[in-house]
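Novice: what's the 3D shape of this:
(one chain, ligands or ions: 1)
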Amino acid sequence: MQANTVADTIMEVRDVSVYYGEKRAVTNINMDIERHSVTAFIGPSGCGKSTLLRSMNRMNDLVPSCRVTGSIVIDGIDVINHEQMNMEGLRQVVGMVFQRANPFFKSIYENIAFAPRFHGIKGKQELDELVERSLRKAALWDEVKDRLRESALSLSGGQQQRLCIARAIAMEPTILLLDEPASALDPISTMKIEELVLELKEEYTIVIVTHNLHQAARISDKTAFFLMGELVEMNDTAKMFTSPENEKTEAYISGRFG
Ligand SMILES: Nc1ncnc2c1ncn2[C@@H]1O[C@H](COP(=O)(O)OP(=O)(O)OP(=O)(O)O)[C@@H](O)[C@H]1O
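Specialist: From the prediction side, this is the model:
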């Protein structure tokens, strides 16, 4: 049994604290993320969910005052303390999609093909196949297959967000970090993103920040509840939303604060 548990853990977060200058935003987090699972981060605004998420592919490095201590081991590599971390490679393996869809000012096709071409995939047929495969996986192909040369900005907000997911998928990541990907979307687009997340976990490991507790309950296997930079409880989602172990979790999910 023990061997199985170890094999199924894709990411080990150990004693992770994150500082912005002198201020500590995330305190001493420990958690394991299971392969092919969806883990939801919940908690009130400012409790450090996005900060921890961004540590997982070192996006925090872009903030000069930010410092991360502890370790995050992904498939055996400590991405925080690795001396010569290839950031591009890391962000390829650990893809990220943000709250606001941010497609390139390019065609739908180019949004997907641009980075793979830059990384050496030059053949038209190979790129065409990659674009189709990525758009299919992001459940967008049928909606855009006849307009691939149109601007990505001509898509709706929900379609743009699925395009951003397709763009991340095209890099063949193993982990997808989703930072409130549906918070700016209407209910139908939100539902499509949720359905997509459930499909994608067959192939990828997903960590999602969400303010929507119903969404966390619908789509995640594990839920982590944060409060003021600390991880209060991480548990199976079904247990978390029916009989949480910590009274603060119970208060939060029953709407008594936050
Ligand atoms: N670039 C930054 N510079 C300085 N402080 C920051 C920066 N980004 C976040 N913080 C601070 O770190 C703390 C955690 O913020 P973070 O965005 O991680 O929380 P969150 O739980 O994701 O919030 P929300 O749900 O509102 O997105 C907050 O106090 C925030 O003000």
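Novice: report the secondary structure state of the residue of the stretch 51-200 of the chain found nearest the ligand.
Specialist: Here the stretch 51-200 of the chain gets closest to the ligand at one residue, Thr51, 3.2 Å apart by CB to the nearest ligand atom. All C-beta spots, glycine's among them, are computed from the backbone N, C-alpha and C. Remark: Thr51 carries the secondary structure label helix [criterion: DSSP: H, G, I helix; E, B strand; the rest coil].
Novice: neighbours of it, just the number please.
Specialist: 24 (other CB atoms under 10 Å).
Novice: and if you look at Gln92?
Specialist: Residue crowding around Gln92 was assessed by other CB under 10 Å; the count is 18.
Novice: quick one: residues contacting it.
Specialist: His119, Met171, Glu172, Pro173 (CB atoms under 8 Å, 6 or more residues apart in numbering).
Novice: name the helix or strand for it, please.
Specialist: Element membership of Gln92, judged by DSSP states H and E, is helix 87-93.
Novice: just give me how far that helix sits from the chain centre.
Specialist: Averaged C-alpha coordinates place helix 87-93 at 14 Å from its chain's average position (CA atoms, centre = their mean, to the nearest Å).
Novice: next SSE downstream of the helix or strand of the chain with the lowest mean pLDDT?
Specialist: Of all helical and strand segments in the chain, the minimum by mean pLDDT, DSSP states H and E falls on helix 2-8, at a mean of 52. Per DSSP H and E, the first helix or strand lying C-terminal to helix 2-8 is strand 9-20.
Novice: which residues touch that following strand?
Specialist: In contact with strand 9-20 (CB under 8 Å, 6+ apart) are residues 24-35, 48, 51-52, 55-56, 60, 63, 65-75, 80, 174-175, 205.
Novice: which of those residues count as buried?
Specialist: Neighbour-count burial (16 or more other CB atoms under 10 Å) is assigned, among the contacts of strand 9-20, to 24-27, 29, 31-33, 48, 51-52, 55-56, 60, 66, 68, 70, 72-74, 80, 174-175, 205.
Novice: contacting residues around the nearest residue to Met228 once chain neighbours are set aside?
Specialist: Of all residues not flanking Met228 in the chain, Cys47 sits nearest, at 5.8 Å (CB to CB, 6 or more residues apart in numbering). Residues in contact with Cys47 (CB under 8 Å, 6+ apart) are Phe226, Leu227, Met228, Gly229.
Novice: helix, strand, or coil at the first one?
Specialist: Under three-state DSSP, the three-state class of Phe226 is strand.
Novice: ok so, going back, for the helix holding Gln92, buried residues please.
Specialist: Leu90, Arg91, Gln92, Val93.
Novice: one step back: among the contacts of Gln92, show me the least confident.
Specialist: Within these, the minimum per-residue pLDDT falls on His119 (87).
Novice: how many neighbours does that residue have?
Specialist: Around His119 there are 12 residues (other CB under 10 Å).
Novice: which ones are touching it?
Specialist: Contacts here follow CB under 8 Å, 6+ apart; on that basis His119 touches Gln92, Met171.
Novice: you'd agree Val68 is up against Ser55?
Specialist: Yes - if you go by CB atoms under 8 Å, Val68 and Ser55 touch, sitting 5.1 Å apart.
Novice: got any residues that touch both of these two?
Specialist: With CB under 8 Å, 6+ apart as the test, Val68 and Ser55 both reach Val16, Val18, Ile80.
Novice: quick one, phi/psi of the residue lying closest to the second one once chain neighbours are set aside?
Specialist: Leaving out its chain neighbours, the residue that sits closest to Val18 by CB to CB, 6+ apart is Val26, at 3.9 Å. When quoted as degrees, to the nearest 10, the phi and psi of Val26 stand at phi -140, psi 130.
Novice: residues touching the most centrally placed residue in the chain, list them.
Specialist: Centroid-nearest residue in the chain, with CA atoms, centre = their mean: Leu177, separated by 1.3 Å. Neighbouring residues of Leu177 by CB under 8 Å, 6+ apart: Leu53, Arg54, Met56, Asn57, Val94, Gly95, Met96, Val97, Ile206, Val207, Ile208.
Novice: now do the SS call for it.
Specialist: Quick answer, by three-state DSSP: Leu177 is strand.
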